[in-house]
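>>> give me a model of this one.
(one chain, ligands or ions: 2)
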Amino acid sequence: MARDPKHDILFEPVRIGPKTLRNRFYAVPHCTGFGAEKPGSQARFRGMKAEGGWAAVCTEEALVSVDSDYWPVISVRVWDDDDRRNLALMCEDAHEHGALAGIELTHGGVHARARESRCPAVGPSQIASDYEPFVVPKAMEPDDVRRIRESWVEAARQSRDAGFDIVYVYGGHSYLPLQFLSPFYNRRTDAYGGSFENRARFWVETLEAVREAVGDECAIAVRLCVDALGPAGVELDEGLAFVRHADHLVDLWDVNVGSITEWSKDSGASRFYPEGYQLEWTGRVREATAKPIVGVGRLTNPDRMAEIVASGAWDLIGAARPSISDPFLPKKIEAGQYGEIRECIGCNVCISKAEWGNHLGCTQNATAGEEYRRGWHPERFEPAANADRDVLVVGAGPAGMECAIVLGKRGFRRVHLVDAAEDVGGSFRWVPRLPGIGEWARVVNWRRIQLERLRNVEVITRTHLDATAAREYGAEIVIVATGARWSADGLNAVTHDPVRGADASLPHVLTPEQIMLDGKRPPGNRVVLWDGEGYFTAAGIAELLALEGYDVTLATFYDRVAPVTDETLEGPMLRKRLHDVRVRPAVSFVATEVEPGVLRGHDEFEEPVELAADGVVLVSQRLSDDALYLELVADRVALEENGVEAVYRIGDCVAPRMPADAIFDGHRLAREIDSENPALPLPYVRERAVLASLEISSA
Ligand code: ADP
Ligand code: SF4
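Ligands and ions are numbered 1, 2, ... in the order given. Take a look at the predicted model:
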């Protein structure tokens, strides 16, 4: 299929200072958890995007000096020759695939907690960090200003020598240059505080020095949150004023919104923000500059991208999440393979993994973060050594679908994906119907298209298989992906016991599946959800029932509602939404007994609490649906008699987990189905410091 000519505009080259971008697709800086600690992952992860057609690929924040140590958040560091050599790997990978490499040089200023280096944080003024209130910075003296500027210049030289084409003077998201620019941080009375020109001085002087040092060889980029949408930065008028003020020093404006504390507005979850939402602010930057502009907004639709470029608002389509979810997005658009695009669902699990788990992963793209350490390529699949076998996958939830796709791409003779339900999707038949997360349906939609295209994979629905049927199916390999169910008796993490009287066969006790799939509803108006998961399920059902007119209380033993959604940057806005639809929170509550009309329990001090409840929805924990697997493996003789060589299980049927991890599990098994023992993951390459010598000098 040929590309639609209206997308040709996306493939025009764009000049930025001394460099040329081959097209208009720009993979902006974003965290990975690789930083300076995992140079192999850093190189291959960014290199994969280069291979996928992005014109530029960038590092995450790259700290210019030791007093910007951000530990335990993992960042790039440009402190010495070893850092430079490691970063050169990324540049080589990018260049090999025709992309420019960018480095987001920065300093965290007042937010740099320096838990490794033990340096004091520094900032324009001595006001505690709004991000890390325990951190109180030293107010920078003229020597500090000079020193950090020189560190920036030195880091820029090291970056150039490493092979970087684009060097940032990054101040967005409330980092040091923006701290100087923002009166929220800057209360100085010297030449670096007060008037707009004075507050801009640190950034401008740093830009001048960096430009002077490397500007002939590297493009100079500034990343700026043009509107903080909160106090920790500047509002749009000063954002645009800065663009005008520093324009002569900048080759590329990389613009977005939000701040360090309002990052949720930059990396907006699909729950709250539609595709292209940042244009409301960053679409105004053209008023202030004729230089190239790159903006973001979770863009995956090529029509929209082409419209934005044609409108003149931006020159480049920036992407972090869409480039994680599909590193080959530009090449797929270029080739007109629109149906192949694996669209980001805006769940922000990549952020939760990179920030808190410290190794990036993605719901949609199981290979993200595995390019180096497992050698996985998102678009290439080795033929399997045992591809002459027939495979039966029981369960077409996200894990089963992913597994069947990868097996199909690895050339198996026949793969049958069988599900008892009337359609594929498993738990994702109902999850995207929870309020606000309709885009999550892309998990199933993309996989459905892939399955349709694979001639060697057949999908069979409305077919429940018991152990005899699975054994006798005729497949040599059986993979059980039967998922998990919400506990029907309130088993939970705190008491390790069911809730007395809880039984979802009773009219006043309900599970999420009963509500979402069977249409069961509480017998009266007052409903209490008891949440032990802390992620999206209870919050989603609470909102749904509230919108249906129920009087809803969301009770949880956590000290706040849905704490796991804080890791995906959804928490504060999600709680606000629940508040707006009048869902009452009952936190630090442990449920112990349910009776018609009441849910009893206690608070954190063991004081008894009673919540009026005509119905109680148990969201306490899930349990694997593993009966089929256990029955199959219990009878090895029967398996042999039926020619079944191996039985494996994947996804929630092994242990209930985040969709990203269930999908990963299905992918992993299929990638390693011809290994010695596919049930266990092959070891992956670990990146760690290995001492050259075990002699530790006491000198
Ligand atoms: P995961 O997240 O691991 O993919 P899900 O719970 O989303 O798991 O999906 C599991 C799927 O397995 C559901 O669609 C369910 O209908 C299907 N399933 C469970 N047991 C059987 C069975 N014995 N035969 C056929 N399909 C089954
Ligand atoms: Fe998009 Fe979710 Fe993947 Fe992040 S984890 S890139 S938000 S699909």
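>>> for ligand 1, give me its nearest residue in the stretch 101-250 of the chain.
Distances between the stretch 101-250 of the chain and ligand 1 by CB to the nearest ligand atom are smallest at H173, namely 33.9 Å. C-beta coordinates here come from the backbone N, C-alpha and C atoms, glycine included.
>>> tell me the SS of the residue nearest to that residue when sequence neighbours are not counted?
Among residues not flanking H173 along the chain, I260 sits closest, at 5.0 Å (CB to CB, 6 or more residues apart in numbering). In three-state terms, and counting by DSSP: H, G, I helix; E, B strand; the rest coil, I260 is coil.
>>> tell me if I'm right that I260 and G172 touch.
No. Between I260 and G172 there is no contact under CB atoms under 8 Å: 9.2 Å.
>>> give me the contacts around stretch 199-218.
Applying CB atoms under 8 Å, 6 or more residues apart in numbering, the contact partners of stretch 199-218 are 17-19, 105, 124, 145, 148-150, 152-153, 156-157, 159-160, 164-167, 169, 171, 176-178, 180-183, 186, 191-193, 220, 222, 242, 245-246, 249-250.
>>> quick check: mean pLDDT of that stretch?
What stretch 199-218 shows for mean pLDDT is 98.
>>> would you mark the buried spots in that stretch?
Within stretch 199-218, the residues that count as buried by 16 or more other CB atoms under 10 Å are 199-211, 213-215, 218.
>>> by mean pLDDT, which helix or strand of the chain comes out lowest?
Of all helical and strand segments in the chain, the minimum by mean pLDDT, DSSP states H and E falls on helix 279-282, at a mean of 94.
>>> buried residues in it?
So for helix 279-282, counting by 16+ other CB under 10 Å, buried means 279, 281-282.
>>> what about the residue positioned nearest the centre of the chain, which helix or strand?
Taking CA atoms, centre = their mean, the centroid of the chain lies closest to C350, which sits 1.7 Å from it. Using DSSP states H and E, C350 sits in helix 349-351.
>>> now check that helix, is it near ligand 1?
No. On the criterion CB under 6 Å from any ligand atom, helix 349-351 is out of touch with ligand 1, staying 13.9 Å away.
>>> pLDDT on that helix, on average?
Per-residue scores along helix 349-351 average to 96.
>>> pretty sure W79 sits against D69.
No. With contacts counted by CB under 8 Å, W79 stays clear of D69, the gap being 9.4 Å.
>>> what's the per-residue pLDDT of the residue of the stretch 451-600 of the chain found nearest ligand 1 here?
Here the residue of the stretch 451-600 of the chain nearest ligand 1 is G483; by CB to the nearest ligand atom that distance is 2.0 Å. On pLDDT, G483 comes in at 98.
>>> how about V685: what's its closest non-neighbour residue?
Nearest non-adjacent residue to V685, counting by CB to CB, 6+ apart: R373, 4.5 Å away.
>>> OK, contacts around the closest residue to C362 other than its chain neighbours?
Using CB to CB, 6+ apart and skipping the chain neighbours, the partner closest in space to C362 is A368 (3.9 Å). Counting by CB under 8 Å, 6+ apart, A368 touches 45, 324-325, 327, 350, 360-362, 378.
>>> out of the residues you listed, list just those in helices.
45, 324-325, 350 (DSSP state H).
>>> from these, pick the one nearest P231.
C350 (27.0 Å; CB to CB).
>>> shouldn't the closest one be in contact with H359?
No. Here C350 does not reach H359: they are 10.6 Å apart, not a contact under CB under 8 Å.
>>> got a list of contacts for the helix holding C350?
Contacts for helix 349-351 (CB under 8 Å, 6+ apart): 31, 267, 321, 324, 360-363, 368, 567-569, 658-660.
>>> one more: stretch 35-47?
27, 32, 34, 57-60, 74-77, 83, 86-87, 89-90, 92-94, 96-97, 101, 359-360, 368-369, 371-373, 685, 687.
>>> just the buried residues of the residues you listed.
27, 32, 34, 57-60, 74-77, 83, 86-87, 89-90, 93-94, 97, 101, 359-360, 368-369, 371-373, 687.
>>> which of those residues fall in strands?
27, 57-60, 76-77, 101 (DSSP state E).
>>> touching ligand 1 at all, stretch 504-514?
No. Against ligand 1, stretch 504-514 shows no contacts by CB under 6 Å from any ligand atom, the least distance being 9.3 Å.
>>> list the buried residues in that stretch.
For stretch 504-514, the buried set under the neighbour-count rule, 16+ other CB under 10 Å, comprises 504, 508-514.
>>> now N358. Nearest residue, chain neighbours left out?
Counting by CB to CB, 6+ apart, the residue nearest N358 is G33, at 4.0 Å.
>>> wait, the one you found touches R373, no?
No. Proximity of G33 to R373 does not meet the contact threshold set by CB under 8 Å, at 11.9 Å.
>>> and R462, how far from E92?
Going from R462 to E92 by CB to CB, to the nearest Å gives 52 Å.
>>> and D388, what is it in contact with?
R413 are the contacts of D388 under CB under 8 Å, 6+ apart.
>>> enumerate every residue touching the closest residue to A488 other than its chain neighbours.
In space, A488 comes closest to A504 once its chain neighbours are excluded; the distance is 3.7 Å by CB to CB, 6+ apart. Contacts for A504 (CB under 8 Å, 6+ apart) come out as 488-489, 510-511, 514, 618.
>>> where in the protein is pLDDT low?
694-699 (pLDDT under 70).
>>> can you dump the C-alpha coordinates of the longest helix seen in it into PDB?
With secondary structure taken from DSSP H, the chain has its longest helix at helix 142-162. C-alpha atoms of helix 142-162 as PDB (Å, rounded to 0.1, in the frame of the first residue of the first chain):
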ATOM      1  CA  PRO A 142      28.500  34.400  41.400                       C
ATOM      2  CA  ASP A 143      31.200  31.600  41.600                       C
ATOM      3  CA  ASP A 144      28.500  29.000  41.400                       C
ATOM      4  CA  VAL A 145      26.900  30.600  38.400                       C
ATOM      5  CA  ARG A 146      30.300  30.600  36.600                       C
ATOM      6  CA  ARG A 147      31.100  27.100  37.700                       C
ATOM      7  CA  ILE A 148      27.900  25.600  36.500                       C
ATOM      8  CA  ARG A 149      28.100  27.500  33.200                       C
ATOM      9  CA  GLU A 150      31.600  26.100  32.700                       C
ATOM     10  CA  SER A 151      30.400  22.600  33.500                       C
ATOM     11  CA  TRP A 152      27.700  23.100  30.900                       C
ATOM     12  CA  VAL A 153      30.300  24.100  28.300                       C
ATOM     13  CA  GLU A 154      32.600  21.200  29.300                       C
ATOM     14  CA  ALA A 155      29.700  18.800  29.000                       C
ATOM     15  CA  ALA A 156      28.800  20.200  25.600                       C
ATOM     16  CA  ARG A 157      32.300  19.700  24.400                       C
ATOM     17  CA  GLN A 158      32.300  16.100  25.700                       C
ATOM     18  CA  SER A 159      29.000  15.600  24.000                       C
ATOM     19  CA  ARG A 160      30.300  16.900  20.700                       C
ATOM     20  CA  ASP A 161      33.300  14.600  21.000                       C
ATOM     21  CA  ALA A 162      31.000  11.700  21.800                       C
END
